[in-house]
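> sequence and predicted structure are below.
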Amino acid sequence: MRLINRTPGRLAATALGVLPFLAILLFYGLASQQRLADNPNDKLLPGMTQMAAAVDRMAFEEDRRSGDYLMWEDTVASLERLGLGVGVAALLALVVGLANGVLPLVRAHLAPLVSALSMIPPLAILPILFIVFGLGELSKVMLIVIGTAPIMMRDLTQRVRELPAEQRIKIQTLGANSWQVITRMALPQVLPRLIDAVRLSLGPAWLFLIAAEAIASTEGLGYRIFLVRRYLAMEVILPYVIWITLLAILIDQCLRLANRRLFPWYNAGGH
């Protein structure tokens, strides 16, 4: 049997997916053990016990100054910013994507602007956002919106334009006006694609969030990472990076599950 025709079963696929992570953990453990054996004060590759102690201190012990559990406070602050930024971006993408996809006059008016905005490096305008919106929450949320909304707008516009022309012709033949074409024909079919677009935008959204928190913030996962880096506290940085990764995976899987539950017809086609 040719290799391209061999499909692993569920158990085999799970095992194959887990193996790379186990290999990374093994490699890290061996490298850390070697470095600590040569220099017990080495900070580059802390041992598992050091990282576990740091997590216990950050997550389950009150901070002496503030009395807060820092890791959870940072998590809540970052998730609030991420949720608000991605939520606003998704709403804008849905409105503009539908209008651009269905209405040629709107597309001629807005498509060039959306394309231009999607080419602007968001981190390059971060200083402008701080000047215009200040160093508070708004500038951080706006960075996520500006960084993700234009890309989602272009994606949804293309998805709407790919809908079969026969559907548009039939619904207009039945007497539908432009608003009904958007709300009854295009909107129901583009909602699952919006969730896919949000999932693809989560990576850049996290990047913009961490960058904004690192520069101007007093709490948040990105803030904490860049705060402790001056002490070379890798036993804190690495668990925070792992925690961010786990949060991103959890959010992605929740969106995937929501898409499958809410729109089974869309996922039945192999999406």
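Noted; the coordinates are in hand. Note that the structure is predicted; figures quoted are calculated from it, not measured.
> what sits against Gln180?
Ile171 (Cβ atoms under 8 Å, 6 or more residues apart in numbering). All C-beta atoms are positioned from the backbone trio N, CA, C, and that covers glycine.
> just the element for it, please.
Using DSSP states H and E, Gln180 falls within helix 178-180.
> now the element after that helix, going C-ward?
Next along the chain from helix 178-180, counting by DSSP H and E, comes helix 187-215.
> how far off helix 187-215 does the next helix or strand after that next one point, in degrees?
The element immediately downstream of helix 187-215 (helix or strand, assigned by DSSP H and E) is helix 221-228. Using axes from the mean of the first three to the mean of the last three Cα atoms, to 10 degrees, the inter-axis angle of helix 221-228 relative to helix 187-215 is 20 degrees.
> surely Arg168 touches Ile182?
No: judged on Cβ atoms under 8 Å, Arg168 makes no contact with Ile182 at a distance of 10.6 Å.
> quick one, which of these two is more surrounded?
Ile182 (19 against 15; other Cβ atoms under 10 Å).
> which residues does that one contact?
Counting by Cβ under 8 Å, 6+ apart, the residues that Ile182 touches are 98-99, 102.
> just give me how far the lowest-mean-pLDDT helix or strand in the chain sits from the chain centre.
None of the helices or strands of the chain scores lower by mean pLDDT, DSSP states H and E than helix 264-267, at a mean of 86. For helix 264-267, the separation from the chain centroid amounts to 23 Å (computed by Cα atoms, centre = their mean, to the nearest Å).
> quick one: mean pLDDT for the helix holding Gln180?
Helix 178-180 shows a mean pLDDT of 91.
> please identify the buried residues of stretch 246-253?
Within stretch 246-253, the residues scored as buried using 16 or more other Cβ atoms under 10 Å are 247, 251.
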